[in-house]
Every structure is written in structure tokens, then in C-alpha cells.
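J.: fold the following for me, if possible:
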Amino acid sequence: MNNTIAMKRFEMVVGIEQLEQLVELLDKCGVRGYTVLKNVGGLGSRGVRNPHDVLMEEENIMLVLACKEDQAQKVVNELRPVLKSLGGMCLISDCHWLEGPNISY
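T.: Predicted structure coming up:
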């Protein structure tokens, strides 16, 4: 593919109460860009999380980021020891970054 950069894509779902810890970890790894989607739902180890339930006290977030292989390995090395305490899930896949005017990786 022309005008693309091979990267790793991380998709992480955690409780909103773990967001600050996750952002600090990413900052420590030098990650310069990510997207946070709030109020996500689903079924996982903590049971059903329905984002439309007005009584739901514990909100889930999804954090998405893409980075080059060397930085992805740094994220994995920092994330692995704390993943169980963060809860949720982390998926890593190969992707391609379509080059444009602003690159935040």
C-alpha cells in the first residue's frame, strides 16, 4: 500500500476509574496520541455493562491507539504487569496508518 505506515493497533477496554492509570502508563511509553470512547458497554469478566442504564455506576471506556512496532513493545512491556489489576481487555493487531497532514504516533 502506498502512503501507509505499518503499525500496531491497541484497543483497550477498562473501567473509567482506571483511565488515569492507563494514560500515565502510555505517557511513560512516549505515546503521543490516542482516542478515548466513553460509556461503552458489553459483556466481560465484570458482567454486563449496559451504557444506557442510568443507574450504572461504573462506566467503561475504550482507548484506541496506533504506534510503530518499537513503541508497541514498550507499551506491552509496561502494560503486561498491571493488566490484571486494570481489568477489562487489550487487543493488539497489525494495521496501516494512512499518511496525512498530521501524524500523532
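
J.: how about the contacts made by the nearest residue to Glu59 once chain neighbours are set aside?
T.: Counting by CB to CB, 6 or more residues apart in numbering, Ile16 is the residue found nearest to Glu59 once chain neighbours are left out, at 4.4 Å. Where C-beta positions appear, they are placed from N, C-alpha and C, glycine not excepted. By CB atoms under 8 Å, 6 or more residues apart in numbering, the residues touching Ile16 are Lys38, Glu58, Glu59, Asn60, Ile61.

J.: mark which of the residues you listed are buried, thanks.
T.: Asn60, Ile61 (16 or more other CB atoms under 10 Å).

J.: sorry, back to before: gap between the residue nearest to Glu59 and Val75?
T.: Separation of Ile16 from Val75 (CB to CB, to the nearest Å): 20 Å.

J.: quick one, longest strand in the protein?
T.: Assignment by DSSP state E gives strand 4-15 as the longest strand of the chain.

J.: could you list the buried residues of it?
T.: Met7, Lys8, Arg9, Phe10, Met12, Val13, Val14.

J.: which strands or helices does whatever helix or strand comes next after it pack on?
T.: Using DSSP states H and E, the next helix or strand after strand 4-15 towards the C-terminus is helix 19-28. Using 3 or more CB pairs under 8 Å, 6 or more residues apart in numbering; DSSP states H and E as the contact criterion, the elements in contact with helix 19-28 are strand 60-67, helix 69-79.

J.: okay, buried residues for the first one please.
T.: It refers to strand 60-67. Using 16+ other CB under 10 Å as the test for burial, strand 60-67 gives Asn60, Ile61, Met62, Leu63, Leu65, Ala66, Cys67.
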